[in-house]
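Visitor: Sharing a model prediction with you, sequence too.
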There are 2 protein chains.
Amino acid sequence: MEQFVEILKDRRSIRKYKTDEIPEEKLNELLEAVQCTQSWHNNQCWELVLIQDQSVKEKIQKTVPSINPGFKAIVTAPIIIALCGKVGVSGKIGKDFGSKFGKDWFMYDLGLATQNLCNQAHATGLGTVVVGWFDHEKAGEVINLPEGYELVTLIPVGFPDHKGTSPERKSIEEFTHHNSF
Amino acid sequence: MEQFVEILKDRRSIRKYKTDEIPEEKLNELLEAVQCTQSWHNNQCWELVLIQDQSVKEKIQKTVPSINPGFKAIVTAPIIIALCGKVGVSGKIGKDFGSKFGKDWFMYDLGLATQNLCNQAHATGLGTVVVGWFDHEKAGEVINLPEGYELVTLIPVGFPDHKGTSPERKSIEEFTHHNSF
């Protein structure tokens, strides 16, 4: 196994997948990677809907704009993970929200869980892409999302059928400051 | 190097640190881990303020409630990373926000970057804890946060001086659904 940071750096967004199914063991490790994620006061607000039924994928795809680069992946990846979050638990101290970001803290916790999932996928040869641009209300209806929860992203998972591009990143100096912004 | 998923699972929140400084190379790898993080339309909204000046740490600590379990770590860890985000770039399609979460999408992207940072730290023997409960406005003033940016979390980093506890997690079955929530 190569250096940990090299695995992080090698991860690419994957939008074309082989038809191979995801072995049970690899899928379980993905779920373990989510399970062990830290969160605000250990609230674990994430809920994952694993979509493997092709007819459900097709209904979900209708909620994604066709110019979204992830459009095709929604029906071609063997599994789509609909990442949902319970609202109103993250960010709270007692009954009140502990910070100015209030109930939106759940977005941060879902980001933490997403990155564990995407990196774990990459480490075992699986590809992912995080799709955030779609009609969240309509997609939520497709998966029967209950009151009090939000569907935030759709994450296709499968064996990559292309290498993925390496988007340009800012230099470290551009986003790093010392003692003062 | 052990299995990737085991590294994710072994990561603990660390609140007591040795006084040892963080070697330059390890610090640089932490920043590389943030640098390579994916984000909405590759917007890379994160800005990191590395606080090593003890007087700045002390001013920051005054914005943290003393009953916050991370209170002491703010002045004892060799480096505190103040994780900030530019607001109004993440979540956008052209000039409009592409989803119902609007400008709050930056919280998700900051979560992605946080997890790369925390896992990379752990993989090289460093500990971290994500502190989100403090007075965001006052802490922002301490680091001279400019208009248009938000300070979201404070992340102490250093060599662990305790093992860290393993908080209870939900079972995978509790947060996983199939085709429908």
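Guide: Cool, the structure landed.
Visitor: hey, let's count contacts and neighbours off CA atoms from now on
Guide: Noted.
Visitor: What's opposite residue A:13 in the beta bridge?
Guide: residue A:128 (DSSP bridges).
Visitor: gap between it and residue B:14?
Guide: Note on residue A:13: its distance to residue B:14, by C-alpha to C-alpha, to the nearest Å, is 31 Å.
Visitor: Which one's more surrounded, the two?
Guide: More crowded of residue A:13 and residue B:14, by other C-alpha atoms under 10 Å in any protein chain shown: residue B:14, with 25 against 19.
Visitor: What are the phi and psi values at that one?
Guide: Per-residue torsions, residue B:14: phi -110, psi 130 (degrees, to the nearest 10).
Visitor: In this structure it contacts residue B:166, no?
Guide: No. In this structure, residue B:14 is not within contact of residue B:166 by C-alpha atoms under 8 Å, at 10.9 Å.
Visitor: In contact with the closest residue to residue A:118 other than its chain neighbours, which residues?
Guide: What sits nearest to residue A:118 in space, not counting adjacent residues and going by C-alpha to C-alpha, 6 or more residues apart in numbering or on different chains, is residue A:128, at 6.1 Å. Contacts for residue A:128 (C-alpha atoms under 8 Å, 6 or more residues apart in numbering or on different chains) come out as A:12, A:13, A:14, A:15, A:118, A:121, A:122, A:155, A:156, A:157, A:158.
Visitor: quick check, residue A:59 in a helix?
Guide: Yes. Counting by DSSP: H, G, I helix; E, B strand; the rest coil, residue A:59 is part of a helix.
Visitor: what sits against it?
Guide: For residue A:59, the contact set (C-alpha under 8 Å, 6+ apart) comprises A:139, A:142.
Visitor: which residues sit against the strand ranked longest in chain A?
Guide: Counting residues, the longest strand in chain A under DSSP state E turns out to be strand A:149-158. Contact partners of strand A:149-158, identified using C-alpha under 8 Å, 6+ apart, comprise A:17-22, A:73-74, A:77-87, A:121, A:126-132, A:136, A:139-140, A:145.
Visitor: Relative to the whole chain's centre, how far out is it?
Guide: 6 Å (C-alpha atoms, centre = their mean, to the nearest Å).
Visitor: Give the next helix or strand downstream of it.
Guide: helix A:172-175 (DSSP states H and E).
Visitor: backbone phi and psi for the most centrally placed residue in chain A, please?
Guide: For chain A, residue A:114 is the residue whose C-alpha lies nearest the centre (C-alpha atoms, centre = their mean; 4.0 Å). Residue A:114 adopts backbone torsions of phi -60, psi -40, taken as degrees, to the nearest 10.
Visitor: Just the pLDDT at it, thanks.
Guide: Looking at residue A:114, its pLDDT is 98.
Visitor: May I have the residues that are in contact with it?
Guide: A:34, B:112.
Visitor: quick one, what contacts the residue nearest to residue A:170 when sequence neighbours are not counted?
Guide: The spatially closest residue to residue A:170, leaving aside those adjacent along the chain, is residue B:35, at 7.0 Å (C-alpha to C-alpha, 6+ apart). Residues near residue B:35 by C-alpha under 8 Å, 6+ apart: A:169, A:170, A:171, A:172.
Visitor: ok, the first one - how many residues close by?
Guide: Using other C-alpha under 10 Å, residue A:169 has 14 neighbouring residues.
Visitor: Give the buried residues for stretch A:117-130.
Guide: Across stretch A:117-130, burial judged by 16 or more other C-alpha atoms under 10 Å in any protein chain shown covers A:117-124, A:126-130.
Visitor: meant to ask about stretch A:36-46
Guide: Of all the residues in stretch A:36-46, those buried under the rule 16+ other C-alpha under 10 Å are A:36, A:37, A:38, A:39, A:40, A:43, A:44, A:45, A:46.
Visitor: Next: stretch A:165-174.
Guide: Of all the residues in stretch A:165-174, those buried under the rule 16+ other C-alpha under 10 Å are residue A:172.
Visitor: same question, stretch A:95-103
Guide: Buried, per 16+ other C-alpha under 10 Å, within stretch A:95-103: A:97, A:98, A:99, A:101, A:103.
Visitor: which phi and psi does residue A:145 have?
Guide: phi -60, psi 120.
Visitor: how about the nearest residue to it, chain neighbours excluded?
Guide: The nearest residue in space to residue A:145 (C-alpha to C-alpha, 6+ apart) is residue B:181, at 5.7 Å.
Visitor: State the distance from that neighbour to residue A:105.
Guide: In terms of C-alpha to C-alpha, residue B:181 sits 22 Å off from residue A:105.
Visitor: do the same with residue A:42
Guide: In terms of C-alpha to C-alpha, residue A:42 sits 13 Å off from residue A:105.
Visitor: Show me the shaky parts of chain A.
Guide: Applying pLDDT under 70 to chain A picks out residues A:1.
Visitor: now the helices for it?
Guide: A:4-10, A:24-35, A:54-61, A:73-76, A:105-123, A:136-142, A:172-175 (DSSP state H).
Visitor: just these: most buried one?
Guide: helix A:105-123 (a mean of 26; mean count of other C-alpha atoms under 10 Å in any protein chain shown).
Visitor: Reformat the contacts of residue A:128 as TSV; add distance to residue B:92.
Guide: Formatted as TSV, those follow (distance: C-alpha to C-alpha, whole Å):
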residue	distance to residue B:92
A:12	21
A:13	19
A:14	21
A:15	20
A:118	22
A:121	27
A:122	27
A:155	19
A:156	21
A:157	24
A:158	27
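Visitor: about what we covered before: in strands only, show me the buried residues of stretch A:36-46.
Guide: Using DSSP E, the buried residues of stretch A:36-46 in strands are residue A:46.
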